[in-house]
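>>> Have a look at this fold, sequence not included:
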C-alpha cells in the first residue's frame, strides 16, 4: 500500500469502490458541510470535496475536508490549478496531510469565465498532469516540486478526472495514458449517460492495459428533471447525454421524473459493473446528496467494506 | 477623451510599425482620431488644437528624438503606439503628460482581412517545437501543456465557440505530420522564470550593445 487511504484499501481488496461528492457552501457555516457529509456516512469510501467548483467562490476544499475528517469520514481533497500556484498547492497538501487527509484529486478546474469572478486572474502554473507528477514526487521521493527534501512527506493517494466523451474522442485513451504515466492511482470520469460510448472508451483503456495501472470509477449523476437532462446535454461542456435518455425522462410524468432519474442511475451502475476494468463508481448527486444511499443500496453496492 | 479634457493643445503621435500594420495607430488612424477629438471638443464648446506626427518607430529613442522641438507649444502628448512606444515617449519628455490612445492587447497574427488573433505570450521558453507549431500557452484558455481538457467540443474551446481548442489543433497537426506518438510525451512543468513571473525582462546583445 502506498498510503493510508480508505479508498486505496477498498480498491486493493478487489471490491468495487464507491465515492461521492460534497460541494462546500457559499458561506462559512460548517453545519452545511456536516449535514451533507452525514448523509453519505456508511455508503461511500470517500467523499470528494470540490474546490471552487464552476469557478464560484465557496468554502475552501481544505477547510471542508477537515470538517469531514473530524466526523470520522474520508474526504477526498480536490485541488484545481486555476486558483493556486505550485507553492500554494504544496503548502495546502502539507496542511491537508497534517490533518489526516490522505486522498486527493488533481484537476485543472473550470475556467473563470464560467464563474462569479470572470474578472479574476487565472493561475494555471501547472496543469493537472504536472500536478499529479508533483504530488507523486512529494509522496514517493519525499521532495518538493522544486527539489528540496520534505520533512515528513505527505502520502497522498492520487486521483484525477477523465472525460471519455470530450473531443477529439480518439485522443481520450491517450490522455488517460499520460495521466497513468504521470502516476495517478485512480480516475473519476465525467458523468456517464452514453454507456455505449463509455464501453468503447473502456475497451481502448483495456487494450493498453491502463485498467491494470489505474482504478477507473465511472461518474454517475442522477437527473432530477428532463430540464436538467437537456441543460446537461446542451450547456455543459464535454457532456454527452443521448437523445434516448432525454426522451425517457420526457416521457415520464413530471412528478415521477426524479424517481426515473434515480432508476436510470441504478441501471447504469448495474450495467457498468459488468464492464471489465471498472473498479467502482463515483456518484455525484448534485445538491441531492440524500439520494446517494438509495442509489448505492439499490445498485447492490451496500454494505461498504470495513477495514 | 477624459485624459485630454483639461488641455487645449495636444500632440497626437502615431507609429509606422506594428500599429500601422494592424490599423490601430498609423498615419491614417492618427488623422481619423485627430478629427474625432476636434469634433468632440467643439461639441463640448472648447476648441482643441491637435498637431499630428507619425514616427517611424516609437519604441526606438533615435526616432522619438524627432519630437524635440514639437512639444514646446503643446500641453500634452497622446501616443497611438503600443505600450512600449508610449513609455519611450514619456521617458524622453519627463515634464510632459503622455497618454495612451490604445489598449495594447497581444502578439498575434492576421487570420484574415481585419481579423487578428493571439499567437504568442513571450514566455521566453518556446514549446511549439513539441506541439506541432501551435502554442498552448497562448492559445489554450487554461494554458494547459498536456491537453486537451475535458471541455473541448467539436474542436472548440469550452469558453467560446469562436475560439479553437488549441489542443485539438495540435493533435490534428501531429497526426498530419505522422508524429502523433509524440503526444504521449509529458511536457514537464514549466519554468516560468523566463516569463514575466521572473520579473521584467531585458535582453543584452553584447555584440550590438555600446
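Happy to help now that I have it. What you see is a predicted model; the values in this text were computed from it and never measured. Numbering: from 1, shown residues only, chains lettered A, B, ... in the order given.

>>> and chain B, which residues reach chain A?
B:141-155, B:158-160, B:165, B:168, B:171-172, B:183-184, B:186, B:188-190, B:192 (Cβ under 8 Å from any Cβ of the partner chain). To be clear about C-beta, it is placed using only N, CA and C from the backbone, and glycine gets the same treatment.

>>> ok, 7 Å please
B:141-146, B:148-155, B:158-159, B:168, B:171, B:183-184, B:186, B:188-189, B:192 (Cβ under 7 Å from any Cβ of the partner chain).

>>> Could you pick out which of those are located in helices?
Counted as lying in helices by DSSP state H, out of these, are B:168, B:171.

>>> Using PyMOL, make a named selection holding only the buried ones among the residues of chain B next to chain A.
Provided next is the PyMOL selection string for whichever of the residues of chain B next to chain A are buried by 16 or more other Cβ atoms under 10 Å in any protein chain shown:
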select buried, chain B and resi 141+142+143+144+145+146+148+149+150+151+152+153+155+158+159+168+171+183+186+189+192
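
>>> in chain B, which helix has the most residues?
For chain B, the longest helix by residue count, based on DSSP H, is helix B:27-43.

>>> which residues touch it?
B:1, B:12, B:14, B:23, B:47, B:48, B:50, B:52, B:54, B:80, B:101 (Cβ atoms under 7 Å, 6 or more residues apart in numbering or on different chains).

>>> Then stretch B:45-62?
Contacts of stretch B:45-62 (Cβ under 7 Å, 6+ apart): B:8-17, B:26-27, B:30-31, B:34, B:37-38, B:41, B:63-64, B:66-67, B:70, B:74, B:79, B:81, B:84-85, B:88-89, B:92.

>>> End to end on it, go ahead and measure it.
38 Å (Cα to Cα, to the nearest Å).

>>> List the buried residues in it.
B:48, B:50, B:54, B:55, B:57, B:58, B:59.

>>> for the residues you listed, which one is nearest chain A?
Chain A lies nearest to residue B:59 out of those, by Cβ to the nearest Cβ, at 26.5 Å.

>>> Identify the residues contacting residue B:107.
By Cβ under 7 Å, 6+ apart, the contact list for residue B:107 reads B:119, B:120, B:122.

>>> Check residue A:5 too.
Taking Cβ under 7 Å, 6+ apart as the test, what residue A:5 contacts is A:102, A:103, A:157.

>>> Reformat these as JSON lines; add distance to residue A:284 and secondary structure.
Conversion of the contacts of residue A:5 to JSON lines gives the following (distance: Cβ to Cβ, whole Å; DSSP: H, G, I helix; E, B strand; the rest coil):
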{"residue": "A:102", "distance to residue A:284": "21", "secondary structure": "coil"}
{"residue": "A:103", "distance to residue A:284": "16", "secondary structure": "strand"}
{"residue": "A:157", "distance to residue A:284": "19", "secondary structure": "strand"}
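
>>> In a markdown table: the residues you listed, plus pLDDT and neighbour count.
Below are the contacts of residue A:5 laid out as a markdown table (pLDDT from 0 to 100; neighbours: other Cβ atoms under 10 Å in any protein chain shown):
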| residue | pLDDT | neighbour count |
| --- | --- | --- |
| A:102 | 98 | 25 |
| A:103 | 98 | 27 |
| A:157 | 98 | 26 |
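
>>> Go back to those and keep what's next to chain B.
Okay, of the contacts of residue A:5, nothing touches chain B (Cβ under 7 Å from any Cβ).

>>> in the helix or strand containing residue A:35, what counts as buried?
Assigned by DSSP states H and E, residue A:35 belongs to helix A:30-40. Neighbour-count burial for helix A:30-40, with 16+ other Cβ under 10 Å as criterion, is recorded at A:30, A:32, A:33, A:34, A:36, A:37, A:39, A:40.

>>> got a markdown table for the residues you listed, with pLDDT too?
Below are the buried residues of helix A:30-40 laid out as a markdown table (pLDDT from 0 to 100):
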| residue | pLDDT |
| --- | --- |
| A:30 | 98 |
| A:32 | 97 |
| A:33 | 98 |
| A:34 | 98 |
| A:36 | 97 |
| A:37 | 98 |
| A:39 | 97 |
| A:40 | 98 |
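
>>> Show me which residues of chain A are close to chain B?
Within reach of chain B by Cβ under 7 Å from any Cβ, chain A has these residues: A:108, A:111, A:113, A:122, A:124-127, A:129-130, A:145, A:161, A:163, A:166-168, A:171, A:174, A:177-178, A:181-182, A:190, A:237-238.
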